[in-house]
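Participant: only geometry, no sequence info:
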DNA sequence: GATGAATGAGCCTTCATTCAT
DNA sequence: AATGAATGAAGGCTCATTCAT
């Protein structure tokens, strides 16, 4: 009794190999042979589980999307719990978490890969965005709206405010690391950048 | 009298074809044959002007870098003239210009292409970043420092402040358009986002 | 149960095709496409068994070298048995064998090919020489030394004497056939040339 | 008043460049571009003087043939003068000259090149042979015939005798150097080999 | 299900040759 | 006569995909 569905162990083994190869080479430069070698299966087996190179790539993005979605569920929890806690410490934690995520080598590679493939696979890029940045932004905007309703923040456009906060955290990292191939920020720099983001955000939208 | 130097017309013709192909396919997926077809020269001619596919790609980045540098010279002028003008209108103009640049299809494709190739050509990605985002950030930080000295702004860390302003303008666009393959923002959305960026920036660093 | 080692049937099939093409065109003028066609395999299969055109060429030389080595083992046996037989008939047989070998079309082509590639592949040419002419000369020189010790020949320099005998047999054939593209000698001419070589050799080194 | 005939200085300049390139690479691996560079003319000029790569190669062989012919005219003179001199010293001189010629790098390369191209250009190889080895052999055979007639040598088959003498000199050198890529013989080895050739030749065909 | 040998289209690059100047 | 830019046909090699075992 075996299965080649999404739960198969071999399927995961292949996806792991594919992730390593696709992340470091991008879609076009990755070769099925190297993926097979990396996943320690034969080339033929690849095609037992995935119809084509594109399908394998797509499955990888979908998987990454799912992992991101699951991780972001904890954001929901945190946001819900944060309703009654102090705003500043919570935002600082949020900012720090975002930046730490954005400096991780795997995240950098993933962004590079998806961006590099966005012209060829707009649908996948869109899914990746929706599950990650898009979802995160929507949740934060909703939380801001709640805080405004509760009188703890003052913001006319929660959508834009959410983007501003996220942008101040993520962009300096991804512009320098993912695009500029500069070394990732150390903890101290992250701390200072996060605090500055919170400070600026609250200067604009904080109570009073 | 002909020349195969950087001024040659045929060289430009090739670079134009290469830009179209590289921008829409990325480095690895672009083929020299398609570039030749697009540039309306023979495949052999490609190699008269460029030693290899990599060299052609590199020349393209260098050219884009140079164009960006030249365009940013006007930023210098504007920043200098802006010393005595009102801060808010100037920042609004800056924000609008940034966002309009970031929604241009060619810019989107260029960022996607350079990001997708950053793993293989870190040096080129770095050059591209240095000439564009890096240079722009440095100029803005210097300007902020001057404003602080003149008492028109209050900012402890001009470096971070500059990144915040740039990020609030660029990130919402590039995250949604370049990564998320969403339609670019229209003029109205740009206006509102730009104004919000200026407003938030001045709330944090403005006089008083 | 398959194997791509030196025993694989397909490998032999490829080497056979490669031999035909390399022998008739030389290394540089041979094309992998033609070899594939001649071997009745696809171009890709060539690269499953051999890493490159050079590797395929090298394997061909090594194989030819091995065949030559094996064939020359019988020379050892003959030389050993010839110790007690009459010298003249044995030398005549040796001379005839040498000349017959040197007029064979495949041998002519092989020498042409190796010579033509000696500038680019000196190591391979050296291996080919060592296994063939070099080994044969060494064996004959050793045999002559033994005959001198036994008082059946008188030669101060067995090395030079061996070269003289071999040269009188081989050079007239290879100069005219391999270099001059003249028709190979018929049996009668071989007989006369062989007898003359033995006669001259014995006039110089024979007993008394 | 200019001429593109065989006397043109530019033609010679091209042939010189072509010789260097063809000799070191062989026909197929040589490129017209490199020849043009080596000859310090444009690629187009090559085709003003020679119809094709093959024609240039052919002209090179013809020129080498002519030079060889001219050089061999002195052999005629020497042979004529040698009629009355002692045979042994003359033959020793002849043998030494042959071997010195055969160890010259240019001669080694020329033989390799012509042999490597003999399959494709049998006519040229034939011309090269006729003007060199073939002509030399014929002259020596004629001289031997004269010596026999004069009672200074005893040989039934002057043709074979001439080949034997030439072979004992040339083959040990070309087998080891041109084929085996071994270092060329030094002067001492040439002296010993030449003397041994003369000694063996005279043992077989000398007076008495 | 898993394998890996085999395929052939396609890629980057080179090169003999042509032609307008 | 001389140039060198331009061409397009190969050439060596890779790789996604298939299929018999």
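Facilitator: Cool, the structure landed. Keep in mind that this is a model prediction, so the values were computed, not measured.
Participant: check the secondary structure at residue A:28 for me.
Facilitator: For residue A:28, the assignment made with DSSP: H, G, I helix; E, B strand; the rest coil gives coil.
Participant: that one contacts residue B:113, doesn't it?
Facilitator: No - look at residue A:28 against residue B:113 with CB atoms under 8 Å: they stay out of range, at 11.6 Å. C-betas here are computed from N, CA, C, even on glycine.
Participant: higher neighbour count, those two?
Facilitator: Taking neighbours as other CB atoms under 10 Å in any protein chain shown, residue A:28 and residue B:113 compare with residue B:113 leading, 27 against 17.
Participant: which ones are touching the more buried one?
Facilitator: By CB atoms under 8 Å, 6 or more residues apart in numbering or on different chains, the residues touching residue B:113 are A:116, B:22, B:23, B:26, B:27.
Participant: now the helix or strand that contains residue A:193: how far from the chain's centre is it?
Facilitator: Element membership for residue A:193 (DSSP states H and E) is helix A:187-205. Chain-centre distance of helix A:187-205: 20 Å, with CA atoms, centre = their mean, to the nearest Å.
Participant: now swap in stretch A:35-47 and tell me
Facilitator: Averaging C-alpha positions (CA atoms, centre = their mean) puts stretch A:35-47 27 Å from its chain's average.
Participant: now do the end-to-end distance for that stretch.
Facilitator: Taking CA to CA, to the nearest Å, stretch A:35-47 runs 12 Å from one end to the other.
Participant: any part of that stretch near chain C?
Facilitator: No - using CB under 8 Å from any CB of the partner chain, stretch A:35-47 stays clear of chain C, coming no nearer than 12.1 Å.
Participant: got the buried residues for that stretch?
Facilitator: Buried residues in stretch A:35-47, counted by 16 or more other CB atoms under 10 Å in any protein chain shown: A:35, A:36, A:38, A:39, A:41, A:45, A:46.
Participant: with stretch A:53-72 instead?
Facilitator: A:53, A:56, A:57, A:58, A:59, A:60, A:61, A:62, A:63, A:64, A:65, A:68.
Participant: avg pLDDT for it?
Facilitator: Stretch A:53-72 carries an average pLDDT of 92.
Participant: repeat that for stretch A:26-43.
Facilitator: Mean predicted confidence for stretch A:26-43 is 96.
Participant: ok, stretch A:153-173 next?
Facilitator: Stretch A:153-173 comes out at a mean pLDDT of 97.
Participant: and it, how far out from the chain's middle?
Facilitator: That offset, for stretch A:153-173, works out to 16 Å (CA atoms, centre = their mean).
Participant: tell me the SS of the residue of chain A found nearest DNA strand E?
Facilitator: Closest to DNA strand E within chain A is residue A:44: 1.8 Å, counting by CB to the nearest atom of the strand. The three-state assignment at residue A:44 reads helix, by three-state DSSP.
Participant: care to break chain A down by domain?
Facilitator: The record's domain split for chain A, according to automatic domain parsing, is A:1-50, A:70-205.
Participant: so does the shortest one get close to chain B?
Facilitator: Okay, so that is domain A:1-50. Yes - residues of domain A:1-50 are located near chain B by CB under 8 Å from any CB, namely A:24, A:25, A:26, A:27, A:28, A:29.
Participant: now stretch A:155-175
Facilitator: Yes - counting by CB under 8 Å from any CB, chain B is contacted by stretch A:155-175 at A:157, A:160, A:161, A:163, A:164, A:166, A:167, A:168, A:170, A:171, A:172, A:175.
Participant: and the residue nearest the centre of chain A, how far from chain C?
Facilitator: Taking CA atoms, centre = their mean as the criterion, residue A:132 is the residue nearest the geometric centre of chain A, at 4.6 Å. As judged by CB to the nearest CB, to the nearest Å, residue A:132 and chain C stand 40 Å apart.
Participant: now residue A:65
Facilitator: The gap separating residue A:65 from chain C is 36 Å, by CB to the nearest CB.
Participant: now that residue, nearest residue through space, not along the chain?
Facilitator: Nearest non-adjacent residue to residue A:65, counting by CB to CB, 6 or more residues apart in numbering or on different chains: residue A:131, 3.8 Å away.
Participant: pretty sure the one you found sits against residue A:70.
Facilitator: No - contact criterion CB under 8 Å: residue A:131 and residue A:70 do not qualify, at 9.6 Å.
Participant: pLDDT wise, what is residue A:75 at?
Facilitator: 81.
Participant: so where does residue A:21 fall, helix or strand?
Facilitator: Applying DSSP H and E as the criterion places residue A:21 in helix A:9-25.
Participant: show me what that helix is packed up against.
Facilitator: Counting contacts by 3 or more CB pairs under 8 Å, 6 or more residues apart in numbering or on different chains; DSSP states H and E, helix A:9-25 packs against helix A:32-39, helix A:43-49, helix A:53-81, helix A:105-117.
Participant: nearest approach to residue C:189 belongs to which of the ones you listed?
Facilitator: helix A:32-39 (57.2 Å; CB to CB).
Participant: got a list of contacts for that closest one?
Facilitator: Counting by CB under 8 Å, 6+ apart, A:13-14, A:16-18, A:20-22, A:25, A:42-43, A:45-46, A:53, A:56 sit against helix A:32-39.
Participant: ok, that helix near DNA strand E or not?
Facilitator: No - figure legend: helix A:32-39 not in contact with DNA strand E (CB under 7 Å from any atom of the strand); closest approach 7.9 Å.
Participant: close to DNA strand F, is that helix?
Facilitator: Yes - for a cut-off given as CB under 7 Å from any atom of the strand, helix A:32-39 has contacts with DNA strand F, namely A:32, A:33.
Participant: now that helix: how far from the chain's centre is it?
Facilitator: Distance of helix A:32-39 from the chain centroid (CA atoms, centre = their mean) equals 25 Å.
Participant: which parts of stretch A:178-191 are buried?
Facilitator: Buried-residue list, stretch A:178-191, by 16+ other CB under 10 Å: A:178, A:179, A:180, A:181, A:182, A:184, A:185, A:190.
Participant: just checking, the first one touches residue B:116?
Facilitator: Meaning residue A:178. No - Residue A:178 is beyond contact range of residue B:116, at 10.6 Å (criterion: CB under 8 Å).
Participant: need the overlap of contacts for the two.
Facilitator: residue A:112.
Participant: circling back: mind checking how far the residue of chain A closest to DNA strand E is from residue A:50?
Facilitator: Note on residue A:44: its distance to residue A:50, by CB to CB, to the nearest Å, is 12 Å.
Participant: try residue A:138
Facilitator: According to CB to CB, residue A:138 and residue A:50 sit 31 Å apart.
Participant: in chain A, which residue sits closest to chain C?
Facilitator: Residue of chain A nearest chain C, by CB to the nearest CB: residue A:33 (11.5 Å).
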